[in-house]
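Student: For reference, the sequence and a predicted model appear below.
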Amino acid sequence: MIEVVSAPNSVLRVTSQQSGVRGKIQVPGDKSISHRALFLGALAQGTTKVSGLLLGEDPRSTAACFRALGAQISPLNSDQITIEGVGGDLQEPLDILDAGNSGTTMRLILGVLASQPGKFFSLTGDRSLRSRPMARVTKPLRSFGAQIWGRESGSKAPLAVLGMNLTPSHYFSPIASAQVKSCLLLAGLNLEAETIITEPERSRDHSERMLKAFGADLRVEGNTVHLRGGAKLQGQTVVVPGDISSAAYWLVAASIVPGSELLIENVGVNPTRTGILEVLLAMGADITQQNYREVTGEPVADLLVRSASLQGVEIKGAVIPRLIDEIPILAVAAACADGKTVISDAAELRVKESDRISAMVTELLKLGVDVSERADGMEIVGGRPLHGCELQTYEDHRVAMSLAIAGLVAQGDTEIAEVDCIKISYPDFMARLLEVTSGWHGD
Ligand code: S3P
């Protein structure tokens, strides 16, 4: 039984799922690709048409910022939108730009703003975003000559930016972060010289793919991206595939609830994002890819998943950036697997929308899981029965959805407080949860 009680900030009650998770489902548009379609559509000359856009709160934050910067973006009340771009010349906004809860919006837009000579911008976000580290982008931007001010020496929002003529150089990023890479690439678009970014491991490459499609002069060599600025971006048609990070909840749900068989259609399977599939397969999951195709430069497939008995694994190293957002739900899979799962090299999780290591360890312990915290991950000994209880989300969408899936296999009722955050990346998650478990008892 799935029940949503009390508004405005809802509590989700999930009862142990007796029958399998079954049916056919489509997940909402990929969040990273949706942001990039809005960014590049707004910066390009002419019209960009986007279909399959994620109508979550995070892309809405990006759209609101670019409207304030002069782009015309049709209302986000349908996943088909049209953008009339500014052709690189942004309007100086009348007010503070608000990135809401979205780290991608804030970090990527800093690159755009820092390279608009003579224009002034101020920028903030919600409580979670104002506590997240921005030095990872403000530091390299400053090394290119950017003028940025903010709390804690420019490492926390609110931030102020005075656009400058930047001089790019070769930046060796200490972390594998698509947000850092994309921020610097966007800054480089306006610059004559070459911007070069090398990262320690390959992070998601949606920016590189979409920048090329919009006409940027860009080439990738291993973990290094070269961008020669000055090319005029032209509006394009972008079809956004389903988000593998949202599909991850269903991949794990159908794996751990006995008697499940679920087809998840139209999922983006870009190799820089498919760490979740590799790890679940290594754990013994029964997942098959069907109907593999390419849609506007991104690989897409349907994923068929059936329940399976999972085994613990080690998750570390180069795969981490390729599944970073899926670690909370992988922790739930590990709790249901036989044996030990060790997750390491994932300290980045501590600076996401919440400290996801601490959040997941605290909440899984309440459910009765044998789990311990490590500085850079966690250790889970799976196989103990989970017991329903009252849980918290830390207002983090991925923690909330992971706990909802854990509730399906916990004995009795699990009550999860403050689940409204789910609308950041998956506005109809609750409706889909109800559909695949078919047992709605909402108000
Ligand atoms: C994202 C990159 C990742 C990811 C985030 C979205 C992006 O962050 O966790 O949810 O769209 O570029 P990092 O770049 O900080 O790893």
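Tutor: Happy to help now that I have it. Numbers count the residues shown, from 1 in each chain.
Student: Please count neighbours and contacts with C-alpha atoms only from this point.
Tutor: Noted.
Student: Okay, whichever residue of the stretch 201-350 of the chain sits closest to the ligand and Ala247: tell me how far apart.
Tutor: Relative to the ligand, the nearest point of the stretch 201-350 of the chain is Asp325 (5.2 Å; Cα to the nearest ligand atom). Asp325 sits at a distance of 12 Å from Ala247 (criterion: Cα to Cα, to the nearest Å).
Student: neighbour count winner among the two?
Tutor: Ala247 (24 against 21; other Cα atoms under 10 Å).
Student: quick check, the residue of the stretch 201-350 of the chain closest to the ligand in a helix?
Tutor: Yes: counting by DSSP: H, G, I helix; E, B strand; the rest coil, Asp325 is located in a helix.
Student: burial measure for the nearest residue to it once chain neighbours are set aside, as a count.
Tutor: Distance criterion Cα to Cα, 6 or more residues apart in numbering; nearest residue to Asp325, sequence neighbours excluded, is Ser245 at 6.6 Å. The number of residues packed near Ser245 is 28, by other Cα under 10 Å.
Student: now the residue lying closest to Gly259 once chain neighbours are set aside, what's its secondary structure?
Tutor: The shortest distance from Gly259 to any non-neighbouring residue, by Cα to Cα, 6+ apart, is to Gly20 (4.4 Å). For Gly20, the assignment made with three-state DSSP gives coil.
Student: Name the residues of the protein found near the ligand, please.
Tutor: Selection of the chain residues close to the ligand by Cα under 6 Å from any ligand atom yields Ser32, Thr104, Ser177, Ala178, Gln179, Ile324, Asp325.
Student: Enumerate every residue touching the residue nearest to Val21 when sequence neighbours are not counted.
Tutor: Using Cα to Cα, 6+ apart and skipping residues adjacent in sequence, the residue nearest Val21 is Ser260, 4.6 Å away. Ser260 sits next to Ser19, Gly20, Val21, Arg22, Ala254, Val305, Arg306, Ser307 when contact means Cα atoms under 8 Å, 6 or more residues apart in numbering.
Student: per-residue pLDDT, the residue with the largest distance to the centre of the chain?
Tutor: Residue farthest from the centre of the chain, counting by Cα atoms, centre = their mean, is Gly118 at 32.2 Å. Per-residue confidence (pLDDT) for Gly118: 97.
Student: how close does it get to Asp98?
Tutor: Plainly put, Gly118 is 21 Å away from Asp98 if you go by Cα to Cα.
Student: Tell me, how many residues neighbour Asn9?
Tutor: 12.
Student: Same question for it, what's its three-state structure.
Tutor: coil.
Student: Please apply the same query to Ser182.
Tutor: Under three-state DSSP, Ser182 comes out as helix.
Student: so which strand or helix has Thr82?
Tutor: strand 80-84 (DSSP states H and E).
Student: Check which helices and strands that strand is in contact with.
Tutor: On a contact count with 3 or more Cα pairs under 8 Å, 6 or more residues apart in numbering; DSSP states H and E, strand 80-84 meets helix 31-43, strand 47-51, strand 72-73.
Student: got JSON lines for the ones you listed, with mean neighbour count and mean pLDDT too?
Tutor: Listed next are the helices and strands packed on strand 80-84 as JSON lines, based on neighbours: other Cα atoms under 10 Å; pLDDT from 0 to 100:
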{"stretch": "helix 31-43", "mean neighbour count": "27", "mean pLDDT": "98"}
{"stretch": "strand 47-51", "mean neighbour count": "20", "mean pLDDT": "98"}
{"stretch": "strand 72-73", "mean neighbour count": "20", "mean pLDDT": "98"}
